[in-house]
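*Asks:* Quick one: sequence plus predicted model below, questions after.
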Amino acid sequence: MQSLEALTREAASLADGPRRVIPILSAAETEVGRQMQICNACRYCEGFCAVFPAMTRRLEFGKADIHFLANLCHNCGACLHACQYAPPHEFGVNVPQAMAEVRGQTYLDYAWPPALGVLYQRNGLTLSLALAAALALFLVLAAAMKGSLWGAAPGDNFYSVFPHNLLVGMFAPVFLFAVLALGMGVRRFWRDITPATSGAPLNRPAAAEAADAVLRLKYLDGGHGDGCHNDDDAYTLARRRFHHLTFYGFMLCFAATTVATLYHYAFGWAAPYALPSLPKLLGVVGGISLMAGTAGLWRLNRRRHPLHGDLAQKPMDLGFIALLFLTSASGLALWLGRGTPALALLLCLHLGAVMALFATMPYGKFGHGIFRTAALLRHAVEKRLPNPIGLGAD
Ligand code: SF4
Ligand code: SF4
């Protein structure tokens with residue numbers, strides 16, 4: 001239900017005539033606006049993260065401001081555990097939860113193509129696992145029909161099970177579509193939040209600062225370096241560390257695939273590559289890191305304080321974590337299974353997991369890193385300019 005404030009804004013926009021249209025806030029956005037008004041009067045949490053300094057630059061919170069702030073929030077829980085107005089107080093201030101609900105809504109609102117945004121609501125653990133299993137089964141049947149499902153592949157060459165060009169033909173379109181869909185979505189988000197964040201163009205110092213915040217996951221340190229919260233009000237660095245293992249593990253695996261593609265097309269060196277070749281080194285280190293990171297994130301997610309974040313998005317979070325884990329575990333199993341008759345079967349399992357990961361990427365948790373990076377970039381631009389209301393922590 002809309003608050004009186006939101007209805008007043010809508011009435012004001014109508015009274016001002018057709019040329020000035022103020023977007024109507026959803027219930028979740030209205031709730032963020034309400035809580036930000038309370039926080040703006042309190043400001044106890046100013047040093048915790050980027051959200052509160054950004055908040056102090058505003059007296060009103062329009063739709064674009066709220067989308068920007070929601071994606072700037074890392075859901076660290078610090079402001080919930082510090083807040084004297086948190087539930088059961090009658091003010092009911094729970095910033096991480098309110099921000100998470102809007103964040104989920106922004107993924108859907110900015111999805112490209114828009115009609116597929118609804119997939120965010122369906123994307124969960126069951127769908128992710130079922131998709132990976134169905135794709136693996138399809139490949140198992142295809143390999144079985146060729147008579148190459150069980151038995152030694154010549155020279156451990158999995159291209160003898162599925163030819164290289166067939167794999168490229170299957171994976172490249174899905175991957176490229178995922179990149180396009182995510183790119184278009186974040187482009188729309190960027191265009192909407194830019195006017196609300198000063199409108200100034202991106203500059204090098206801002207980009208460097210945002211890159212530093214992203215690569216170090218700066219805002220999961222609680223603002224004091226002791227970490228954020230997970231199960232309760234105790235500080236922990238576990239979330240930050242497991243995120244790092246996951247992120248850098250994923251990047252190393254991606255680098256392994258990129259180098260292998262370069263080897264194949266530029267030098268004509270066909271897979272499989274053995275240790276200590278660069279693709280194998282990157283893949284093994286990345287795979288182990290990704291497995292450890294996702295196993296840790298899974299455990300933390302299951303134990304997460306119920307007031308943190310939006311419980312409705314938990315299945316999406318777990319589905320993404322599960323697919324990353326399956327991708328890394330099956331990739332490592334494929335490597336360990338070289339020289340055994342199970343190679344083709346392991347290959348089918350790995351390809352099924354990778355394909356499911358690519359297919360769900362544009363409409364799942366993967367987007368949170370990209371939208372958050374865009375918000376951090378805009379924050380780094382905005383904070384370099386004088387505070388428009390002449391108040392606050394800047
Ligand atoms: S979360 Fe609570 S303590 Fe923190 S600024 Fe808002 S009202 Fe104040
Ligand atoms: S949950 Fe953490 S990142 Fe989000 S607003 Fe609160 S302190 Fe900032």
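*Replies:* Yep, that arrived. Ligands and ions are numbered 1, 2, ... in the order given.

*Asks:* wait, doesn't Gly62 sit right on Ile193?
*Replies:* No: assessed by Cβ atoms under 8 Å, Gly62 is found out of contact with Ile193, at 10.4 Å. (Each C-beta comes from the backbone N, C-alpha and C, glycine too.)

*Asks:* centre of the chain versus stretch 302-320, how much separation?
*Replies:* Here stretch 302-320 is found 13 Å from its chain centre; the criterion is Cα atoms, centre = their mean, to the nearest Å.

*Asks:* next one: stretch 84-100
*Replies:* In terms of Cα atoms, centre = their mean, the centre of stretch 84-100 is set 24 Å apart from its chain centre.

*Asks:* List, one by one, the residues from the stretch 51-200 of the chain near ligand 1.
*Replies:* Within the stretch 51-200 of the chain, the residues that sit near ligand 1 (Cβ under 6 Å from any ligand atom) are 79, 82-85, 93, 95.

*Asks:* Those: which two are farthest apart?
*Replies:* Gln84 and Val95 (12.9 Å; Cβ to Cβ).

*Asks:* Leu278: what's its closest spatial neighbour, skipping adjacent residues?
*Replies:* Distances taken as Cβ to Cβ, 6 or more residues apart in numbering place Val259 nearest to Leu278, at 5.3 Å, with adjacent residues excluded.

*Asks:* Kindly tell me how buried that neighbour is, as a neighbour count.
*Replies:* For Val259, the neighbour count with other Cβ atoms under 10 Å is 18.

*Asks:* Same drill for Gln84 and Val95, tell me which one is more crowded.
*Replies:* A count of neighbours by other Cβ under 10 Å puts Val95 above the other of Gln84 and Val95, at 28 against 9.

*Asks:* Which residue is the nearest non-sequential neighbour of that one?
*Replies:* Per Cβ to Cβ, 6+ apart, closest to Val95 is Cys79, 4.8 Å.

*Asks:* Show the model's pLDDT score for the one you found.
*Replies:* At Cys79, the predicted lDDT confidence score is 96.

*Asks:* what's the helix or strand for it?
*Replies:* If you go by DSSP states H and E, Cys79 is part of helix 78-82.

*Asks:* Which residues in that helix does the neighbour count mark as buried?
*Replies:* Neighbour counts over helix 78-82 (16 or more other Cβ atoms under 10 Å) mark 78-81 as buried.

*Asks:* Return only those of those residues found close to ligand 2.
*Replies:* Answer for the buried residues of helix 78-82 near ligand 2 (Cβ under 6 Å from any ligand atom): 78-79.

*Asks:* Just send the buried residues of helix 78-82 back as JSON lines, with distance to Arg204 too.
*Replies:* Formatted as JSON lines, the buried residues of helix 78-82 follow (distance: Cβ to Cβ, whole Å):
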{"residue": "Ala78", "distance to Arg204": "30"}
{"residue": "Cys79", "distance to Arg204": "31"}
{"residue": "Leu80", "distance to Arg204": "35"}
{"residue": "His81", "distance to Arg204": "36"}
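
*Asks:* out of the buried residues of helix 78-82, which one sits closest to ligand 1?
*Replies:* Nearest to ligand 1 among the buried residues of helix 78-82: Cys79, at 4.0 Å, using Cβ to the nearest ligand atom.

*Asks:* Let me see the contact set for that closest one.
*Replies:* 39, 45, 48-49, 51-52, 95-96 (Cβ atoms under 8 Å, 6 or more residues apart in numbering).

*Asks:* Nearest spatial neighbour of Ala133, chain-adjacent residues omitted?
*Replies:* Of all residues not flanking Ala133 in the chain, Gly352 sits nearest, at 6.9 Å (Cβ to Cβ, 6+ apart).

*Asks:* Next, the contact list for that neighbour, please.
*Replies:* 132-139.

*Asks:* Wait, a strand at Ala234?
*Replies:* No: the assignment for Ala234, made by DSSP: H, G, I helix; E, B strand; the rest coil, is coil rather than a strand.

*Asks:* What pLDDT does the model give it?
*Replies:* At Ala234, pLDDT is 95.

*Asks:* From ligand 2, how far out is it?
*Replies:* If you measure Ala234 against ligand 2 using Cβ to the nearest ligand atom, to the nearest Å, the figure is 15 Å.

*Asks:* returning to what we had before: now the residue nearest to Ala133, what's its secondary structure?
*Replies:* With three-state DSSP as the basis, Gly352 sits in helix.

*Asks:* what about the residue of the stretch 101-250 of the chain found nearest ligand 2, neighbour count?
*Replies:* In the stretch 101-250 of the chain, the residue that lies nearest ligand 2 is Tyr219 (5.4 Å; Cβ to the nearest ligand atom). Tyr219 has 23 neighbours, counted by other Cβ under 10 Å.

*Asks:* residue contacts, it?
*Replies:* 49-50, 74, 76, 213.

*Asks:* Kindly report the same for Gly225.
*Replies:* Contacts of Gly225 by Cβ under 8 Å, 6+ apart: none found.
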